[in-house]
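Engineer: Build the 3D model from these lines:
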Amino acid sequence: MGAGFHMSEKYTTARLSVEGDRFEVLVKPEEALSFRMGKQVPVTQLLVIEEIYSDANKGTRASTEKLQKYFGTTDVVKIADEILRRGELQLTTEQRRQLIEDKRKQIVAFLARHCIDPRTGTPHPALRIEQALSQIRISVDPFKSTEEQAKTIIEDLRPIIPLKIEQMRVAVKIFAEHAAKAYGAVKNFGTITKEEWQRDGSWIGVVEMPAGLYGSFIDRLGKLTQGTVQAKILK
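Structural biologist: Presented below is the predicted three-dimensional model:
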């Protein structure tokens, strides 16, 4: 296990820290990334070696006691699956560059689709947004949603080009059993302009948000409320 081993682009590491203990697996970069992106890839196909390490570079294996304690099993495939889902995947330089490039394009497309020039009321062409973006330093996170990042980037771009995102108002009702959990997500998507907690513990409110976020808003709340959320676009 020399230094050349982990530096090779053929292998990369997925790592999960639990209460200060590190658990690592050696994985094939392409397959591991596909898995992270939600594709159906069997864990056995992406593991280079069926071992759980506390430090893969040094070849130090994690103790079976710790595996049992944190994962409730010593089954390498089950543990690797969890590390890959919850942990961080070390990307190769080329993968990171490609992912950031793709995400950047998605952000530009999102801004071109959902923003207008408040002076004219018309959309900005993608090229103008792209040129303005190249004038500011932004760090694009390949794993964070396009919409969330676009919101922050709009603020950074305003001094360079006037941008206004089309807003919409949505009336939302969340039933009691999911209200506390879903409330935080509602706040992340927009500004709550009116709200009321009902006697039965359910929540109703009006949220003002960028029109382009509506799809992912409904999707996110649908997941958090097991599909019971009620939402209506207000004119």
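
Engineer: Show me how the record splits the protein into domains.
Structural biologist: Domain assignment for the chain, taken from automatic domain parsing, gives 3-89, 93-165, 167-234.

Engineer: measure the shortest one end to end?
Structural biologist: Domain 167-234 has an end-to-end distance of 11 Å (C-alpha to C-alpha, to the nearest Å).

Engineer: Could you pull up the residues touching Asp102?
Structural biologist: Taking C-beta atoms under 8 Å, 6 or more residues apart in numbering as the criterion, Asp102 is in contact with Pro142. Yep, even glycine has a C-beta here, placed from its N, CA and C like the rest.

Engineer: Just the CA atoms of the helix or strand harbouring it, as CSV, please.
Structural biologist: Using DSSP states H and E, Asp102 maps to helix 93-114. Listed next in CSV are the C-alpha coordinates belonging to helix 93-114 (Å, rounded to 0.1, in the frame of the first residue of the first chain):
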residue,chain,number,x,y,z
THR,A,93,-9.7,16.1,-10.3
GLU,A,94,-11.3,15.4,-13.7
GLN,A,95,-14.7,14.3,-12.2
ARG,A,96,-14.8,17.4,-10.0
ARG,A,97,-14.0,19.7,-12.9
GLN,A,98,-16.7,18.1,-15.1
LEU,A,99,-19.4,18.1,-12.4
ILE,A,100,-18.8,21.8,-11.5
GLU,A,101,-18.9,22.6,-15.2
ASP,A,102,-22.2,20.8,-15.6
LYS,A,103,-23.7,22.4,-12.5
ARG,A,104,-22.6,25.8,-13.6
LYS,A,105,-24.4,25.3,-17.0
GLN,A,106,-27.5,24.3,-15.1
ILE,A,107,-27.3,27.4,-12.9
VAL,A,108,-26.9,29.7,-16.0
ALA,A,109,-29.9,27.9,-17.7
PHE,A,110,-32.0,28.3,-14.5
LEU,A,111,-31.2,32.0,-14.3
ALA,A,112,-31.9,32.6,-18.0
ARG,A,113,-35.2,30.9,-17.6
HIS,A,114,-36.4,32.4,-14.4
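
Engineer: can you give me the offset of the very next helix or strand once past that helix from its chain's centre?
Structural biologist: The helix or strand immediately downstream of helix 93-114 is strand 115-117, counting by DSSP H and E. Centre-to-centre, strand 115-117 and its host chain are 25 Å apart (C-alpha atoms, centre = their mean, to the nearest Å).

Engineer: packing partners for strand 115-117?
Structural biologist: With contacts defined as 3 or more C-beta pairs under 8 Å, 6 or more residues apart in numbering; DSSP states H and E, the packing partners of strand 115-117 are strand 122-123, strand 164-165.
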